[in-house]
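In: 3D model of this:
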Amino acid sequence: MTVGLIPGSFDPFHNGHLEVVERASHIFDEIVVAAIRNPQKSEALFDLDERREMIAESCAHIANVRIVSISTLLVNVARDVDATAIVKGLRAVSDFESELQMAQMNRSLSGVETLFIPSSSNHSFIASRLLREVARYGGDVGQFVPASVQARMLKKFLGGGQ
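Out: Coordinates of the predicted model:
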């Protein structure tokens, strides 16, 4: 059985992330989406449980997806889920340099290969940090995120959240 591991902070999960999961689901027998607590990023808008719920809601139509959350080395998770490969989406050439470096490190540590899936042009500019900023100032992010994510963002920003 082939297992694709898709890691990310997913804060929030958006249509670019969903595209990568959908496309990878046709390549692998199982997809494990791993929401990561990334200490290098600013304070999270959603906690790990909320992110797992958003991913589950957004990917409910994909039969071979499982969601986990992690706060350890990705290669440890890859080993734990018997990942065939780590799957990363690329939005632009600028993503490639840092993703390549991580892929090489992960392969050196564990032997697990990384598969890059380029996003389609209609998702290539979407970034979670931009969506948080747009939503924080009352902008409409509905065309960039699944409906359940939009509802959670509205609640967070309009319903007394941050």
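In: Who are the packing partners of whichever strand or helix holds V21?
Out: The secondary structure element spanning V21 is helix 15-24 (assigned by DSSP states H and E). Using 3 or more C-beta pairs under 8 Å, 6 or more residues apart in numbering; DSSP states H and E as the contact criterion, the elements in contact with helix 15-24 are strand 3-8, strand 30-36, helix 48-58, strand 85-90, strand 113-118. All C-beta atoms are positioned from the backbone trio N, CA, C, and that covers glycine.
In: Would you indicate which residues of it are buried?
Out: Judged by neighbour count using 16 or more other C-beta atoms under 10 Å, the buried positions of helix 15-24 are N15, G16, H17, L18, E19, V20, V21, E22, R23, A24.
In: pLDDT score assigned to the third one?
Out: With respect to pLDDT, H17 has a value of 97.
In: nearest spatial neighbour of it, skipping sequence neighbours?
Out: Closest residue in space to H17, ignoring its immediate chain neighbours: F10 at 6.0 Å, by C-beta to C-beta, 6 or more residues apart in numbering.
In: and the longest helix for this protein?
Out: Scanning the chain for the longest helix, with DSSP state H as the assignment, gives helix 93-110.
In: quick check: mean pLDDT across that helix?
Out: If you average the pLDDT values across helix 93-110, you get 94.
In: how distant is that helix from the center of its chain?
Out: Its chain's C-alpha centre lies 16 Å from the corresponding centre of helix 93-110 when counted by C-alpha atoms, centre = their mean, to the nearest Å.
In: what packs against that helix?
Out: Here helix 93-110 is seen to pack against helix 74-80, strand 85-90, strand 113-118 when contacts are counted using 3+ C-beta pairs under 8 Å, 6+ apart.
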